[in-house]
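In: What follows is a predicted structure for the sequence shown.
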Amino acid sequence: MEDLREDPPTGLVAALARARSPERPGPDTPTGTAVRPWPGPPRPIPDAGPADLDLKALLRLSLAASDTSGRLRPTPSAGALHPVDTELVVGTGCSLPPGRYGYDPLRHRVHHIGPPVDGTPPGVTAALSVTAQRTVSHYGHRAWPLLLLDTGHAAAALFLAARVVNAGEPGVQLDGRTENPLAAVRIPPPDGRSPRRPAETEVPPTPAELLARRSTPPPLPGLPPHDALRAVMATAERAGRGGLLRWSAAVGPPRPGLMELAPEGTTPQRCASGEARPTLAAWAAGQAWLADAGAVLLAHGCPTAADAAHIRRAHLRAGFAVHLAHVTALRHGLAARPVGSWQQADLGAALGAAPGRDWVVHALALGIRHADEENST
């Protein structure tokens, strides 16, 4: 098997092509350490002063594990392998002194790894990179799309947590131009003004909602109500801008087909008729339960001819947008589960267009949450 433990600067195009093929991964290999071995002793994150950015709350609401195994976290990850590593570049106005820190999400501690770089702005920048071995250990050659999607989800979790702790306006770098870090989230300290309502969510989530978000275990039956589906699709469209992606939803009976938002973004409209969910189930690593999901939100694009920067940008933005759409789905009482592994999923070709131009990149399965399922998440 090709060594995917490092991001190959010229090999990502080939890695994605192989991940999209029907080739099956080999046997599992060791995952390695669950957290990057940051140098130096772990330090607790101090409580924040009245005017400081509360890093303890920010990280607890976004990346921290809440069980001893490290699997239970508020950020979804393929196989619960959590390959994303976070380096914090801290400036003034934070509950930590200025400097560079490695974050340990299992212990909710930081390791001081160096002084601040020149020109570090106030607040914190979370630089996100990956330890690929964690995901490669189970998914083998299918790992790289999943690593990028996981990074986008982590960026979205930090973005939402910044809104909740009333930080300044967060900025997200998901342009795909750099290999290390893959993404960054800059969060200024509080500026004393009232926080603005997030553009990507209808109303700001609460801390309890961020801590409680989980991927609903299948099955996920039941067509979502029209208003809920529209809200989820609109969230994904807004959050996915810049990723060069299209968004649609495959829905089940009574009128199965493929839906897209109307140009004004106010209502879903049918763009193709027919039952797509069994095909999606076959494309999604054979996850049969997807054929019975109430709806499947799809991010698609990223043509075969895309270069490495385009591939990174599309997958990072897809992970970011699906994460925010997931939160919107949960707020509307839906069951929801991200789906990241796709093989031979040439949606454009399946709909009669030229092949190789419109591949499924990421998805969010949706269903109706029944009362007896409330404790299953």
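Out: That came through fine. Numbers count the residues shown, from 1 in each chain.

In: Which pLDDT does the model give residue 372?
Out: With respect to pLDDT, residue 372 scores 46.

In: before we move on, what about residue 230?
Out: Looking at residue 230, its pLDDT stands at 95.

In: Got the phi and psi for it?
Out: The phi and psi values for residue 230, taken as degrees, to the nearest 10, are phi -60, psi -40.

In: List the contacts of it.
Out: Contacts for residue 230 were tallied using Cβ atoms under 8 Å, 6 or more residues apart in numbering; they are 261, 266, 267, 268. C-beta here means a position set from N, CA and C on the backbone, and glycine is covered the same way.

In: again, 10 Å this time
Out: 224, 249, 259, 261, 262, 265, 266, 267, 268, 332 (Cβ atoms under 10 Å, 6 or more residues apart in numbering).

In: Check residue 135 too.
Out: Going by Cβ under 10 Å, 6+ apart, residue 135 touches 4, 31, 77-79, 81-84, 142-147, 150.

In: nearest to residue 124, of those residues?
Out: Set against residue 124, the nearest of the contacts of residue 135 by Cβ to Cβ is residue 84 (16.2 Å).

In: doesn't residue 154 make contact with the closest one?
Out: Yes - assessed by Cβ atoms under 10 Å, residue 84 is found in contact with residue 154 at 4.5 Å.

In: Between these two, point out the one with more neighbours.
Out: Set residue 84 next to residue 154 and count neighbours by other Cβ atoms under 10 Å: residue 154 wins out with 32 against 27.

In: I'd guessed that one sits against residue 59; true?
Out: No - assessed by Cβ under 10 Å, residue 154 is found out of contact with residue 59, at 11.1 Å.

In: what residues do those two have in common as contacts?
Out: The contact sets of residue 154 and residue 59 overlap at 86, 105, 126 (Cβ under 10 Å, 6+ apart).

In: Show me the two of the contacts of residue 135 that sit farthest apart.
Out: Maximum distance among these (Cβ to Cβ): 18.4 Å, for 31 and 145.

In: of those two, who's got more company?
Out: Neighbours of residue 31 and residue 145, each counted by other Cβ under 10 Å, are more numerous for residue 145; the result is 28 against 17.

In: Model confidence at residue 267, what's the number?
Out: Note on residue 267: pLDDT of 84.

In: typo on my end, residue 73
Out: At residue 73, the model reports a pLDDT of 86.

In: Same question for residue 198.
Out: Note for residue 198: predicted pLDDT of 49.

In: Quickly list what's touching both of residue 84 and residue 154.
Out: Listed contacts common to residue 84 and residue 154 are 63, 75, 77, 105, 128, 130, 182, 183; contacts here mean Cβ under 10 Å, 6+ apart.

In: Of these, which is the most crowded?
Out: Busiest of the shared contacts of residue 84 and residue 154 [other Cβ under 10 Å] is residue 183, holding 29 neighbours.

In: Any idea what it is bridged to?
Out: With DSSP bridges as the criterion, residue 183 is bridged to residue 128.

In: hang on, the earlier thing: so how do I select the buried members of the contacts of residue 135 in PyMOL?
Out: The buried residues among the contacts of residue 135 can be selected in PyMOL (16 or more other Cβ atoms under 10 Å) with this line:
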select buried, resi 4+31+77+78+79+81+82+83+84+142+143+144+145+146+147+150
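
In: Nearest to residue 49 among the contacts of residue 135?
Out: Nearest to residue 49 out of these is residue 84 (Cβ to Cβ; 28.8 Å).

In: can you pull the contacts of the closest one?
Out: Residue 84 makes contact with 36, 63, 75, 77, 105, 128-131, 134-135, 147, 150-155, 157, 181-183, according to Cβ under 10 Å, 6+ apart.
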